[in-house]
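# this one's sequence-less:
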Ligand code: PHE
């Protein structure tokens, strides 16, 4: 394998790295996916399980990924290879690259929806609904429109490609520095609006009061998959981002910041959506269209609703973009480091291939809506395979690798290479070795044993 460490970019500042990693973590997973799967899986109890997964599985695995990345300065395939050459562990890296491929293929489609909604907001199409159902209908007819969906999907992938071609620090880092803070501010404004609607309390109850009778085994698997997806874990995105770190950075506090920030945004988004859903008499189980049909109904009739709708969808598109970049970067870093490709060639080729693979996902709500092998459309299948299987398995194997194969001692040394003391080392070592792998395994076993 070709291992080229020279000529790789580096993050310019510590803040830049934290924001870029947060940019990867915060995206459609928080704003679009978290509300709709929480809505479909009963609300409060699901949120609680999700938070437990974040603390016990997500947090330790993120630190493990950053550590592997900084130690090796390589993409996931190269990284596992370098730490244990000639062993099957390199397979985790390959699985990660594959997951990046698959996730970006449908992520780009939803990214396209956000661009389309940005344009719709500008042209006053999103603040004119006389009732909430109209907003839902508008969304339904948009995602069924082949030409528009493909056009915006292509536009979104084009933007992703353009940024990744520029490399890590010029493109990725700069963009994240302004956008992330603005997104938080916007969510707080929307939350205040949603919470002051009549009937908002019902939504709060659904969202915050855990009713465990609504929690299925399936929901636990989904909560775990969502934790991995939202934190960008289990496929080497954080290994790749860690690989651009100069050695003096503090990995432990970066991990805490990214996890806290990502979780905060998801939770805030729930405080926007559920009060609004219930206040407008909609169902929380609306699925992938939930955010796209509920928010325009919130914007309509809200003071400055037009401006809010524009700002919101611009920010959402950007949040999606900063995540899409990290997905493409994993795939591209593999071809650059391992195959010796030029960045430009890697980005263009892989960007186009991923776009093409995404087309059937884009058509899953229109032309291909009737194509549902095993009861799910193409879009949901790809999402399900990547999010609920590849990511948790990749994450579990990463934890096993760091905990038992490479060893927590070596990892600990890498973490403390330049920083003072790793204060929660004992907790981390314990969770990485025992809790994280066992938790993921248990969730899979319970899932596989059919519940009667
Ligand atoms: N974390 C991103 C989001 O929440 C999605 C993502 C998953 C990005 C995996 C990179 C790797 O939108």
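Now that the structure is in, tell me what you want to look at. It should be emphasised that the depicted structure is a prediction, and the values quoted were computed from it without experimental measurement.
# which ones are touching whichever residue of the stretch 251-400 of the chain sits closest to the ligand?
In the stretch 251-400 of the chain, the residue that lies nearest the ligand is residue 323 (3.9 Å; CB to the nearest ligand atom). Yep, even glycine has a C-beta here, placed from its N, CA and C like the rest. Neighbour list for residue 323: 23-29, 107, 232 [criterion: CB atoms under 8 Å, 6 or more residues apart in numbering].
# neighbours around residue 258, how many?
Residue 258 has 29 neighbouring residues, counting by other CB atoms under 10 Å.
# quick one: which helix or strand includes it?
Element membership for residue 258 (DSSP states H and E) is helix 251-279.
# which helices and strands does that helix pack with?
Counting contacts by 3 or more CB pairs under 8 Å, 6 or more residues apart in numbering; DSSP states H and E, helix 251-279 is packed against helix 14-25, helix 34-40, helix 44-53, helix 59-72, helix 174-195, helix 200-208, helix 290-299.
# relative to helix 200-208, how tilted is that helix?
With axes from the mean of the first three to the mean of the last three CA atoms, to 10 degrees applied, the angle from helix 251-279 to helix 200-208 works out at 140 degrees.
# rewinding a little: ok, which of the contacts of residue 323 also contact the ligand?
Near the ligand, judged by CB under 6 Å from any ligand atom, the entries from those are 24-25, 27-29, 232.
# closest to residue 206 among these?
residue 29 (20.7 Å; CB to CB).
# so that closest one touches residue 228, yeah?
No. Using CB atoms under 8 Å, residue 29 makes no contact with residue 228, being 9.4 Å away.
# give me the more crowded residue out of those two.
Ranked by neighbour count (other CB under 10 Å), residue 29 and residue 228 place residue 228 first, with 29 against 26.
# the helix or strand that contains that one: which residues count as buried?
Element membership of residue 228 [criterion: DSSP H and E] is helix 217-230. Of the residues in helix 217-230, 219-230 count as buried by neighbour count, 16 or more other CB atoms under 10 Å.
# may I see those arranged in a markdown table, with pLDDT and distance to the ligand as well?
Shown next, in a markdown table, are those (pLDDT from 0 to 100; distance: CB to the nearest ligand atom, whole Å):
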| residue | pLDDT | distance to the ligand |
| --- | --- | --- |
| 219 | 90 | 19 |
| 220 | 89 | 19 |
| 221 | 88 | 17 |
| 222 | 91 | 14 |
| 223 | 94 | 14 |
| 224 | 91 | 14 |
| 225 | 90 | 11 |
| 226 | 94 | 9 |
| 227 | 95 | 10 |
| 228 | 94 | 8 |
| 229 | 94 | 5 |
| 230 | 97 | 4 |
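# is the least confident helix or strand in the chain by mean pLDDT in proximity to the ligand?
Ranked by mean pLDDT, DSSP states H and E, the weakest helix or strand in the chain is helix 174-195, scoring a mean of 82. No. On the criterion CB under 6 Å from any ligand atom, helix 174-195 is out of touch with the ligand, staying 12.2 Å away.
# now residue 124: how far from the ligand?
Counting by CB to the nearest ligand atom, to the nearest Å, the gap from residue 124 to the ligand is 28 Å.
# contacts only, for that residue.
residue 306.
# which of the three states applies to it?
With DSSP: H, G, I helix; E, B strand; the rest coil as the basis, residue 124 sits in coil.
# next, it: phi, psi?
Main-chain torsions, residue 124, degrees, to the nearest 10: phi 60, psi 20.
# cool, residue 286 as well?
According to degrees, to the nearest 10, residue 286 has phi -60, psi -10.
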